[in-house]
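In: Got a predicted structure here, sequence first:
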Amino acid sequence: MDKFCKSALLALLLVLGACGDNGDNGDNGKIDTPNPEEPQPAEGIRVKDFAGEWHLTEWSVDSEFGAEVYLRIDENLTFVLYQNIVSHGFQRLTGTFAFDAASATVSGSYDDGTPWSNSYAISALTATTMKWTATGTDDVSTYTRTTIPDLTIITSRAENAAVVPFL
């Protein structure tokens, strides 16, 4: 009987050991917690929540970014980008965009068919600010709601040929 009890106890321990979490489930036993420094996509937003006129006020890639960028987003999924990146005056670029509400991600293309360089996850959306994070990067652009001022737009064909769009 003693031998039977020892065998039963050993079998029980083996079964319990097999049921426990050995941490080998692909995550090394770590609990996935969001990084508070990493912008989280805004949830439950619609295009009308971020439609309007915006000014780029901070760019994580270059804290001393001296260029001026304004963005008008319309509810009909069109946009106008005004940029003065090369200090020769503002360039006006237009196009369309798509919005994925499930991931709060925007992507777009310019009227000439050139796609944006990235898709952007919208986060930290308030009545006055929003952040756009280029997907798969640490590139975060902070926009502040504003009225776009009257701007002098470059219309020279030579200037427009060298345009490098901000988005």
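Out: Perfect, thanks for sending it.

In: which neighbours does the longest strand seen in the chain have in its sheet, and in what orientation?
Out: In the chain, taking DSSP state E as the definition, the longest strand is strand 91-100. Using DSSP bridges, strand 91-100 pairs in its sheet with strand 78-84 (antiparallel), strand 105-110 (antiparallel).

In: Against which helices or strands is the next helix or strand after the shortest one packed?
Out: So the one you mean is strand 105-110. The helix or strand immediately downstream of strand 105-110 is strand 120-123, counting by DSSP states H and E. Judged by 3 or more Cβ pairs under 8 Å, 6 or more residues apart in numbering; DSSP states H and E, strand 120-123 is in contact with strand 105-110, strand 129-134. Every residue, glycine included, has its C-beta placed from N, CA and C.

In: What are the contacting residues of the last one?
Out: With Cβ atoms under 8 Å, 6 or more residues apart in numbering as the test, strand 129-134 has contacts from 39, 42, 50, 54, 57, 106, 117-125, 139-145.

In: Also stretch 70-79?
Out: The contact list for stretch 70-79 (Cβ under 8 Å, 6+ apart) reads 47-48, 50-56, 80-83, 94-99, 108, 143, 146, 148, 151, 167.

In: mean confidence for that stretch?
Out: The average of the pLDDT scores along stretch 70-79 is 97.

In: buried ones in that stretch?
Out: Buried positions in stretch 70-79, judged by neighbour count with 16 or more other Cβ atoms under 10 Å: 70-71, 73, 79.

In: Need the distance between the two termini of that stretch.
Out: Chord length of stretch 70-79, first to last residue, is 11 Å (Cα to Cα, to the nearest Å).

In: I appreciate the help and will end here.
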